[in-house]
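>>> need the 3D shape of this:
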Amino acid sequence: MHHTWTLARRELRAYFDGPAAYVVLSVFLAITGWFFANPLFLQNEASLRSMFNIASFVFLFFVPALTMSSFAEERRAGTLELLLTFPVRDWQVILGKLLSVSLLLLVAIGLTLFYVITLSILGDLDFGATLGGYLGLFLLGLTYGAIGICASSLTRNQIVAFILGFGIIFAFFLFDKIVDFVGPDLGAILQFLSTDYHFENLMRGVIDSRDVVFYLSLSGFAFLVTNYNLARRPE
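Below you'll find the predicted structure:
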């Protein structure tokens, strides 16, 4: 784990040495802040539901943008081969990159705790739904991060990596929106495969192990595909 944490710190330093982290955090807080304040002051509704909904939607764009350079830029610059000659395994490199993205998203999510404090003072906050929403956001970010890194491992072009990562993530987001256009059997499968469906379940405040296992399984599958892509690199 020492090598993994070293690689994660390297990636985090790269985010914060440039404008990427600050732009992401600022825009994320501006968007979620607007959707938090709107129902609170205009509708007198002490709820975080609208904030959770917009945050999960923003992740569709932000996470692929954060992960698009993970391996694509390393390949383009020729530093991937150098990195993988160090005494680290492929899975440690992948885990380090995923950990750095997850920590950055955790910082973004953590900054919204101000909204929780505000609502707990002003209204009767549903702490069960709040806990489920935050857990869902983190698992969603973790899953999208794993998919985005997987997409980045397939190409050396960052734009292609972003489009590919966004396309895969958006497909999983969209699955439960098209169940009315397919048969009930296929619809049930597509609904279960939808990341948004499981997020909605967690936002209700009922933390079901099936929802948690789904996110972890999808993240693990993307992790394995990334590891396979790296193992196929030319010697």
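>>> now the helix or strand Y134 falls within: buried residues?
Taking DSSP states H and E as the definition, Y134 sits inside helix 127-152. Buried residues in helix 127-152, counted by 16 or more other Cβ atoms under 10 Å: 129-130, 132-152. Every residue, glycine included, has its C-beta placed from N, CA and C.
>>> contact partners of the next helix or strand after that helix?
Note on helix 127-152: by DSSP H and E, the next helix or strand toward the C-terminus is helix 158-174. Here helix 158-174 makes contact (Cβ atoms under 8 Å, 6 or more residues apart in numbering) with 60-61, 63-65, 67-73, 76, 144, 147-148, 150-152, 154-155, 193-196, 218.
>>> distance between helix 158-174 and the chain's centre?
Offset of helix 158-174 from its chain centre (Cα atoms, centre = their mean, to the nearest Å): 12 Å.
>>> rewinding a little: generate a PyMOL selection restricted to the buried subset of the contacts of helix 158-174.
Typed into PyMOL, the next command selects the buried ones out of the contacts of helix 158-174 (criterion: 16+ other Cβ under 10 Å):
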select buried, resi 60+63+64+65+67+68+69+70+71+72+73+144+147+148+150+151+152+154+155+194+195+196+218
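>>> which residues of this structure score low on pLDDT?
Judged by pLDDT under 70, the chain has its weakly predicted residues at 1, 40-46, 77-86, 123, 233-235.
>>> ok, which stretches of it are helices?
Residue ranges of the helices in the chain, as given by DSSP state H, are 2-17, 20-37, 49-67, 72-77, 79-84, 90-111, 113-122, 127-152, 158-174, 184-193, 195-203, 209-231.
>>> give me the helices and strands touching the fourth one, please.
Judged by 3 or more Cβ pairs under 8 Å, 6 or more residues apart in numbering; DSSP states H and E, the packing partners of helix 72-77 are helix 158-174.
>>> any idea how far the most centrally placed residue in the chain is from I121?
Residue closest to the mean C-alpha point of the chain, counted by Cα atoms, centre = their mean, is G141 at 1.9 Å. The gap separating G141 from I121 is 27 Å, by Cβ to Cβ, to the nearest Å.
>>> F162 - how many residues pack around it?
Neighbour count for F162, taken as other Cβ atoms under 10 Å: 22.
>>> again but with A37, I slipped
Around A37 there are 14 residues (other Cβ under 10 Å).
>>> for K97, which non-adjacent residue is closest in space?
Leaving aside its sequence neighbours, K97 sits nearest to S70 (Cβ to Cβ, 6 or more residues apart in numbering; 4.9 Å).
>>> do F16 as well
Closest to F16 by Cβ to Cβ, 6+ apart is Y22, at 7.5 Å.
>>> please name the residues that touch K97.
K97 sits next to 7-8, 11, 67, 70-71, 149 when contact means Cβ under 8 Å, 6+ apart.
>>> and of these, the nearest to R232?
Comparing those against R232 with Cβ to Cβ places F71 closest, at 12.5 Å.
>>> touching, that closest one and I149? I think so.
Yes. If you go by Cβ atoms under 8 Å, F71 and I149 touch, sitting 7.0 Å apart.
>>> so what sits against both of these two?
97, 226.
>>> re earlier: how close does the closest residue to the residue nearest to the centre of the chain other than its chain neighbours get to L216?
Setting aside the residues directly before and after it, G141 is nearest to L105 in space (Cβ to Cβ, 6+ apart), at 3.9 Å. Separation of L105 from L216 (Cβ to Cβ) stands at 16 Å.
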